[in-house]
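In: Quick one, what's the 3D model for this:
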Amino acid sequence: MPNAQIGNPLNRSLRESVPGGGGAWKLLYFMSFVFFVFLLTYVGLTFGYKNFLMARIDTVSHDIEALAATNPAPGKQDEFLAFQSQLISLKGILDKRQSPLKVLTLLETHTNADVYYTNFSLSVPERRLEVQGVAPSYDVLAGQLQAYGAMKEVQRYEVGNARVKEGGKVSFSAILYMDPSAILL
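Out: Just a heads-up that it's a prediction; the model follows:
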């Protein structure tokens, strides 16, 4: 029988050489590289970016001083303040006012898909909505008039000036007298 050694496995692993040795040198090279990168970053920020920022601060400071040295005419400042006050007042008025989009949405939802409007006029004090439009035929116009009559926001309506245009389309105008709740502005 060949000479077999039965021994401690720990002793055997200590006797075998470790492949790729020199781990300490590899760590030293890596740490030197990291140090060199940090050193270059520090030098770049200290001598490059810091000088750039200081020059930019000086330029902006000079611009501010030049702007402060210019003295606008006293009348111009008063005019500007008066204009600003007017704008603030106008914004307050417009914020309190309701949009007429309610009437437009109402008209859009009750309009036949084949009918289109060429003119639109809203008179709030009279609660009157005047529309002019075009329908492909008198049948479609009649359907549109029924839709006007079915609207609960319309108290009454008048149709005038319905006539056939070139191409067989019907041009019409209508006045819708709206319920006060539909035109609250």
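In: can you list the residues that contact the longest strand along the chain?
Out: Ranked by number of residues, the top strand in the chain under DSSP state E is strand 154-164. Contact with strand 154-164 is made by 138, 141, 145, 148-149, 170-179, 182, as judged by Cβ atoms under 8 Å, 6 or more residues apart in numbering. All C-beta spots, glycine's among them, are computed from the backbone N, C-alpha and C.
In: Provide the strand pairings for it, with the direction of each partner.
Out: strand 170-178 (antiparallel) (DSSP bridges).
In: and the longest strand of the chain, which residues are buried?
Out: Residues V154, Y157 are the ones in strand 154-164 that count as buried (16 or more other Cβ atoms under 10 Å).
In: Quick check: which ranges of this structure have low pLDDT?
Out: Residue ranges of the chain with pLDDT under 70: 1-21, 72, 74, 97-101, 184-185.
In: Now do the strands in it.
Out: Secondary structure of the chain (DSSP E): strands at 116-123, 128-135, 154-164, 170-178.
In: Ok, which of those strands comes nearest K76?
Out: Closest to K76 of the strands of the chain is strand 116-123 (Cβ to Cβ; 40.3 Å).
In: for that closest one, packing partners?
Out: Contacts defined by 3 or more Cβ pairs under 8 Å, 6 or more residues apart in numbering; DSSP states H and E place strand 116-123 against helix 101-109, strand 128-135.
In: Comparing these, which stretch has the densest surroundings?
Out: Across the helices and strands packed on strand 116-123, averaging neighbours per residue (mean count of other Cβ atoms under 10 Å) puts strand 128-135 on top, at a mean of 18.
In: Got a quick PyMOL command for the buried subset of the contacts of strand 154-164?
Out: Of the contacts of strand 154-164, the buried ones go into a single PyMOL selection, burial set by 16+ other Cβ under 10 Å:
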select buried, resi 141+145+148+170+171+172+173+174+175+176+178+182
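In: Out of the contacts of strand 154-164, flag the one nearest to S61.
Out: Taking Cβ to Cβ as the measure, S61 lies nearest A182 of these, at 60.8 Å.
In: so what's the backbone phi/psi at the closest residue to the closest one other than its chain neighbours?
Out: With Cβ to Cβ, 6 or more residues apart in numbering as the criterion, A182 has its nearest non-adjacent residue at 3.7 Å, and that residue is E153. With angles defined as degrees, to the nearest 10, E153 sits at phi -80, psi -10.
In: still on that earlier bit, roughly how far is the longest strand of the chain from the heart of the chain?
Out: 41 Å (Cα atoms, centre = their mean, to the nearest Å).
In: Using PDB, write out every CA atom in that strand.
Out: What follows is strand 154-164, C-alpha atoms only, in PDB (Å, rounded to 0.1, in the frame of the first residue of the first chain):
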ATOM      1  CA  VAL A 154     -84.000  78.500 -22.100                       C
ATOM      2  CA  GLN A 155     -87.300  80.300 -21.300                       C
ATOM      3  CA  ARG A 156     -88.100  80.800 -25.000                       C
ATOM      4  CA  TYR A 157     -86.400  81.100 -28.300                       C
ATOM      5  CA  GLU A 158     -87.000  82.800 -31.700                       C
ATOM      6  CA  VAL A 159     -85.900  81.700 -35.100                       C
ATOM      7  CA  GLY A 160     -85.400  84.100 -37.900                       C
ATOM      8  CA  ASN A 161     -83.700  84.300 -41.200                       C
ATOM      9  CA  ALA A 162     -83.600  80.600 -42.100                       C
ATOM     10  CA  ARG A 163     -82.800  80.100 -45.800                       C
ATOM     11  CA  VAL A 164     -81.100  77.700 -48.100                       C
END
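In: Thanks again, I'm all set now.
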